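Colleague: Would you be able to build a 3D model of this:
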Amino acid sequence: MKTGERARHRSPQMTYEGVRRVIQRTYPAYDVEILEGEYHIVAPHDMISSNIVMRLGWLLGSWNASRKLGNLFDSNGGLVFPDGDKMAPDFTYVSRERLPVIPRSFAHVVPELVVEVRSSRQTERATRRKLETLMAKGVDVGVYIDPRSRVVEIHRQGRTPVSLAPGDRFELPDILPGFSVVVDEFWPE
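Modeller: This next block holds a predicted model:
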């Protein structure tokens, strides 16, 4: 299957893990998500988008180390939403209030913050659609990052997205109180 192709879940024997193993035998770097009962193959990141996810993780991780307000996850840590969909945002922040114990599986939780970073293997439309889907599932804040055009947008439920320009500060005081970083720090040097 090519990236973006859909396969309808028809066989009770074909579990999520079974489909994932089959896909990864041929395409080891790819992953699988379930949206509305359909399997979606997810392309891996390129080095720049992966670096941005790591930078964001390092910046937020450093801020969170002494506060211990929540936990940070990359796309290897997935979420199970109340409707049964399984998704793995590029970056996720979940407060300890919503997820007091980290499970050894996908977490059954709606996070406060998700970030989707467009890679060279993804279209803008696909990346934005995934962020919109995550927001529709109740995520409080979604961030869209496009390294190619250096776009950073903050999306909130029921509000117009806020675009950040070079030199602007990335802050989410209601979710990450006291965290503030200039968006220029997201970009690889």
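Colleague: okay, which residue is most central for the protein?
Modeller: Closest residue to the average C-alpha location of the chain: residue 89 at 1.9 Å, with C-alpha atoms, centre = their mean.
Colleague: was I right about that one contacting residue 116?
Modeller: Yes - between residue 89 and residue 116 there is a contact under C-beta atoms under 8 Å: 6.2 Å. C-beta: built from backbone N, CA, C; applies to glycine.
Colleague: Angles on the backbone of the residue nearest to the centre of the chain, please.
Modeller: Main-chain dihedrals, residue 89, degrees, to the nearest 10: phi -60, psi 160.
Colleague: Quickly list the domain ranges of the chain.
Modeller: 1-43, 45-186 (automatic domain parsing).
Colleague: ok so, going back, which residues do residue 89 and residue 116 both contact?
Modeller: With contacts taken as C-beta atoms under 8 Å, 6 or more residues apart in numbering, residue 89 and residue 116 have 130, 134 as neighbours in common.
Colleague: So the spatially closest residue to residue 147 that is not a sequence neighbour, which state does it fall into?
Modeller: Spatially, and ignoring its direct neighbours in sequence, residue 147 is nearest to residue 48 (5.0 Å; C-beta to C-beta, 6 or more residues apart in numbering). When classified by DSSP: H, G, I helix; E, B strand; the rest coil, residue 48 comes out as helix.
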